[in-house]
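>>> I need the structure of the sequence given here:
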Amino acid sequence: MTKFITGAAVRIPLIIWSILVVFPLIWMFIGAFKSNAEIFSSPWSMPETYNFGNFVSAWVDFSIGSSFLNTILVTVLGTVLCLAFSIPTTYALERLRFKGSEVLFNVYLASMMIPAVLGWIPLFFLLMNMNLLDNLFALSAVYAISQVPFTIFILSSFMGSVPKELEEAAAVDGMSPYGVLFKIVTPMVKTGIITASILNAITFWNEYFMALILLQTESKNTLGVQMDLLSTNAQYESAWGALFAGLVIAVVPVIIFYAIFQRHIVKGMTEGAVKG
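Okay, the predicted model is just below:
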């Protein structure tokens, strides 16, 4: 009896939480196929006819299509750049152990505690002086740099577990430090790289404020910014079906992506915690 009560005490809050999370998503999916009249007359019922025109309207008329492609660009490029910055930095801090490396490592970790909002204004003027405002590649670089401390934090525990003997043997065979990094160490920390990449990609996909501040042309908007504009336009143009359809377009890739790679995330975080 005690075991049953304990199990119920754990499961009931999780079931309630799952309902609170899943129900709005189901309502969003249903609303994406309804006409405006159906949304207002019977918001909780299934659509009488499935209106796929809402997706066409959101994609074309409200520029969700172009913002979708822009988001893919900044997400992929930001993730790749972040790895390019973080992998060598983590290797230098964790394996080479030069003078001041521990202090520098702690500086990277401490920067994770600083609210991002404090850097938005100086970042805006910095990019303005460099003529990099309204530039998707500059936004990708900003995304990448913003996640470098977190990526270093993830990778450091994995790199710290790589046996030194492997590096020493490779060095004796004449392999350069870069060869040791990319041919010996990097393949051995693949789990950590995958985990950091997935978490960073999800962060970049959902990011809103930096894109809102640094992008000025509507054709370059990312999904977060364009969805904000769509939600405003929906109030004046009665485009509620298109709004729901736009939300589905924005949310479904993240859900699919996370569903496919959730095992890698759990595995990476678990192994990182054990190795750390």
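
>>> residues of the helix or strand hosting A169 that come out buried?
Per DSSP states H and E, A169 falls inside helix 164-172. Under the neighbour-count criterion of 16 or more other C-beta atoms under 10 Å, helix 164-172 has 167, 170 buried. Every residue, glycine included, has its C-beta placed from N, CA and C.

>>> Give me the contact list for that helix.
Helix 164-172 is contacted by residues 95, 177, 179-180, 183-185, 188 when judged by C-beta atoms under 8 Å, 6 or more residues apart in numbering.

>>> between these, which is nearest T222?
V185 (33.7 Å; C-beta to C-beta).

>>> list the contacts for the closest one?
With contact set as C-beta under 8 Å, 6+ apart, V185 has these partners: 91, 95, 159, 162, 167.

>>> Okay, and which of those residues map to strands?
Judged by DSSP state E, strands contain none of the contacts of V185.

>>> export the residues you listed to JSON lines and tack on distance to Y258?
Conversion of those to JSON lines gives the following (distance: C-beta to C-beta, whole Å):
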{"residue": "Y91", "distance to Y258": "29"}
{"residue": "R95", "distance to Y258": "32"}
{"residue": "M159", "distance to Y258": "26"}
{"residue": "V162", "distance to Y258": "28"}
{"residue": "E167", "distance to Y258": "35"}
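
>>> out of those, which is most surrounded?
Taking other C-beta atoms under 10 Å as the neighbour criterion, Y91 ranks highest of these with 23 neighbours.

>>> What are the neighbouring residues in contact with it?
Applying C-beta under 8 Å, 6+ apart, the residues near Y91 are 159, 181, 185.

>>> Any chance you could list what contacts the helix or strand that contains S231?
Using DSSP H and E, S231 maps to helix 223-237. With C-beta under 8 Å, 6+ apart as the test, helix 223-237 has contacts from 58, 62-64, 67-68, 70-71, 205-208, 211-212, 215, 218, 221, 239-240, 242-243, 246-247, 249-250.

>>> Now do the buried residues in it.
Result for helix 223-237 [16+ other C-beta under 10 Å]: buried residues 223-227, 229-230, 234.

>>> with those residues in mind, which one is nearest to Y50?
A234 (19.7 Å).

>>> distance between the ends of stretch 137-154?
25 Å (C-alpha to C-alpha, to the nearest Å).

>>> contacting residues for I30?
46-47.

>>> Quick check: next helix or strand after the helix or strand harbouring it?
Using DSSP H and E, the element containing I30 is helix 2-31. Next helix or strand after helix 2-31 toward the C-terminus (DSSP H and E): helix 36-41.

>>> who's in contact with that next one?
Residues contacting helix 36-41 (C-beta under 8 Å, 6+ apart): 31, 45, 47-48, 238-241, 244.

>>> Could you rerun that using 10 Å?
30-32, 34-35, 45-49, 51, 54, 234, 237-244 (C-beta atoms under 10 Å, 6 or more residues apart in numbering).

>>> what distance separates it from the middle of the whole chain?
Taking C-alpha atoms, centre = their mean, to the nearest Å, the mean C-alpha location of helix 36-41 is offset from the chain mean by 34 Å.

>>> Can you identify the element that follows it toward the C-terminus?
Next helix or strand after helix 36-41 toward the C-terminus (DSSP H and E): helix 53-56.

>>> Can I get that next one in PDB, CA atoms only?
What follows is helix 53-56 as a C-alpha-only set of coordinates in PDB (Å, rounded to 0.1, in the frame of the first residue of the first chain):
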ATOM      1  CA  GLY A  53      -5.100  26.900 -47.000                       C
ATOM      2  CA  ASN A  54      -4.100  28.200 -43.600                       C
ATOM      3  CA  PHE A  55      -0.600  26.800 -44.000                       C
ATOM      4  CA  VAL A  56      -0.300  28.200 -47.500                       C
END
